[in-house]
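**Student:** need a 3D model of the sequence below.
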Amino acid sequence: MTWNDTTPIYLQLKERVVAMMLDGVLKPGDALPSVRQVAADFQLNPITVSRAYQELADESLVEKRRGLGMYVTDGAPEKLLASERERFLRDEWPLVVERIARLGLRMDQLMRDAAPQPETRS
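**Tutor:** You can find the predicted model right below:
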């Protein structure tokens, strides 16, 4: 795993866990790897991992079970999907629309070009 220099590592780690939840790799009731294990695997300070996990807990995406670790909460994938959609529409989509307009693209062009192309047999 490589880390970029522009975003704090704990946020990058948090985003990777979020992606795993959205992709279905981590499901409600699944345990997250222990802080020590993640720290050792990726050569991170355990405090960095704890901070990422704490942010997930603060958002009620995971819960700490005393003596057992951190677990994905029920409803976490749905909650994440809703918040990620909202964030996309608020922060990213306006930039996409602006770029589409700047390039003079039309919706019919975009839909045609973005649609999966049928396979051709040779």
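**Student:** what's E63 sitting at in phi/psi?
**Tutor:** E63 adopts backbone torsions of phi -130, psi 150, taken as degrees, to the nearest 10.
**Student:** ignore the last one, R65
**Tutor:** Phi and psi for R65, reported as degrees, to the nearest 10, are phi -110, psi 110.
**Student:** excluding its backbone neighbours, what's nearest it?
**Tutor:** Leaving aside its chain neighbours, R65 sits nearest to Y71 (5.8 Å; criterion: CB to CB, 6 or more residues apart in numbering). Placement of C-beta: from N, CA and C, glycine included.
**Student:** torsion angles phi and psi at the one you found?
**Tutor:** Dihedral angles of Y71 (phi, psi; degrees, to the nearest 10) stand at phi -130, psi 150.
**Student:** you'd agree it is up against V62?
**Tutor:** Yes - here Y71 reaches V62: they are 6.2 Å apart, a contact under CB atoms under 8 Å.
**Student:** that older thread, quick check, pLDDT for the residue nearest to R65.
**Tutor:** Looking at Y71, its pLDDT is 97.
**Student:** dump the residue contacts of it.
**Tutor:** Contact analysis of Y71 by CB atoms under 8 Å, 6 or more residues apart in numbering lists 29-32, 62-63, 65.
**Student:** rerun that using 10 Å as the cut-off
**Tutor:** 26, 28-32, 62-65 (CB atoms under 10 Å, 6 or more residues apart in numbering).
**Student:** next one: V35
**Tutor:** V35 sits next to 44, 46-53, 69-70 when contact means CB under 10 Å, 6+ apart.
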